[in-house]
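J.: Predicted structure and sequence below. I'll ask about it afterward.
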Amino acid sequence: MTLMQIAIIACWAACAAGFAAYAVSVASEITYVTLADGRKTARSLPLVFRMLLPFVPNLAGFASRPGFARARQTADEMIVAAGMEGLLSGTEFVALKFLVPITCGTAWMALMLLLGALMPESPFAGNGIVFGMAGFLLFYAYPLMWLRGTLKRRHLAIMRALPFVLDLLTLSVEAGMDFMGALQRNCERRKLDPLNEELIRMTREIQVGTPRRIALRNMADRVRQPDLKGVAHALIQADELGVSIGSILRIQSDQLRGRRFDRAEKLANEAPVKMLGPLLLCIFPAVLVILLMPILMQAAHNLF
């Protein structure tokens, strides 16, 4: 091995060690989101996002072009609804949609070509470019897939907690408390979950002078969860028409429980169909092997 080869190997080893150290330092960092009442709660961005965020300003001018205005607005709305406000902006998200495939996709393409060159008989030989382009498309779609998944999980948590919160508010209002007092007590006593975070933000908006109808409408537009939006609009109508808040809360709670029962029944009906695939792929072949193995062993013993 020549001195030049040793130097090249040493340089690559130093680059790999530096990259590993950078990845470990980024992974160990804990990021927080500040809530409306001043408390901080941990939020986790994907590791690849945290590693590439320092390089996002290089594409900020490109991502800020008028052609991406709609994409930035949609990304901002989804980021706020997913509870990631303050960690990521729409411009940064659009830049990451291009930066992730450029960096990770290039590394994936190089890996596919390297595997094809080292293993000529492998499927990567001759198809490295095809596998590389597939990786580019996957890395381009990954940021949006992550954001949609995060938003879906947050909406699911709100949907599960909403009927219980409405029951508590209904009992408090019917016991003689006003709606804002019942809401504040609920926010203080319950654990910090996505629904409680949004209710805290709404109560802080009301406390600084925002009308209750506007604060409810802002929460519905910000979260964009169908059940919470329906409850907010019902409370807005009750406030405008002077209807009893307690009766509206009880009606909404009953409706949400009915819809939750319908969703559970639908999932229960879908379970046998979803179990059919694993049954055919795993259990049925295993049963065949168990039944046929003694016969095959007896036939092999008779032949040999």
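T.: Alright, I've got the coordinates.
J.: Can you pull out the low-pLDDT segments for the stretch 101-250 of the chain?
T.: Along the stretch 101-250 of the chain, the model assigns pLDDT under 70 to residues 114-128.
J.: And the helices in it?
T.: Assignment of helices within the stretch 101-250 of the chain using DSSP state H, counting those that start in this stretch yields the ranges 106-118, 128-174, 179-189, 194-207, 212-223, 226-241, 245-278.
J.: Pick the most buried one from those.
T.: Comparing the helices of the stretch 101-250 of the chain by mean neighbour count (mean count of other C-beta atoms under 10 Å), helix 194-207 comes out on top with a mean of 20. (C-beta placed from N, C-alpha, C; glycine too.)
J.: Show me what it is packed up against.
T.: helix 128-174, helix 179-189, helix 212-223 (3 or more C-beta pairs under 8 Å, 6 or more residues apart in numbering; DSSP states H and E).
J.: who wins for proximity to residue 291 among those helices?
T.: Evaluated over these, closeness to residue 291 peaks at helix 128-174, with 39.7 Å, by C-beta to C-beta.
J.: helices or strands next to the closest one in the packing?
T.: Looks like helix 128-174 contacts helix 47-52, helix 69-81, helix 90-100, helix 106-118, helix 179-189, helix 194-207, helix 226-241, helix 245-278 (3+ C-beta pairs under 8 Å, 6+ apart).
J.: Tabulate these (CSV), appending distance to residue 33.
T.: CSV is the format used below for these (distance: least, C-beta to C-beta, whole Å):
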stretch, distance to residue 33
helix 47-52, 14
helix 69-81, 11
helix 90-100, 15
helix 106-118, 30
helix 179-189, 17
helix 194-207, 9
helix 226-241, 19
helix 245-278, 27
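J.: Among the ones you listed, which comes closest to residue 30?
T.: It's helix 47-52; of those, that one is closest to residue 30 (C-beta to C-beta) at 10.7 Å.
J.: contacting residues around that closest one?
T.: 22-23, 26-27, 29, 31, 88, 96, 99-100, 103-104, 142-143, 146 (C-beta atoms under 8 Å, 6 or more residues apart in numbering).
J.: With stretch 77-93 instead?
T.: Contacts of stretch 77-93 with the rest of the structure, by C-beta under 8 Å, 6+ apart, involve 31, 33-34, 43, 45, 49, 53, 56, 60, 63-64, 71-76, 143, 147-148, 150-151, 154-155, 194, 197, 222-225.
J.: Mind putting the helices of the stretch 101-250 of the chain into CSV with distance to residue 294?
T.: Shown next, in CSV, are these (distance: least, C-beta to C-beta, whole Å):
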stretch, distance to residue 294
helix 106-118, 42
helix 128-174, 43
helix 179-189, 63
helix 194-207, 56
helix 212-223, 60
helix 226-241, 56
helix 245-278, 25
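J.: Quick one: neighbours of residue 16, just the number.
T.: Residue 16: 10 surrounding residues under other C-beta atoms under 10 Å.
J.: Where does it fall, secondary structure wise?
T.: For residue 16, the host element (DSSP states H and E) is helix 3-28.
J.: what packs against that helix?
T.: Using 3+ C-beta pairs under 8 Å, 6+ apart, helix 3-28 is in contact with helix 47-52.
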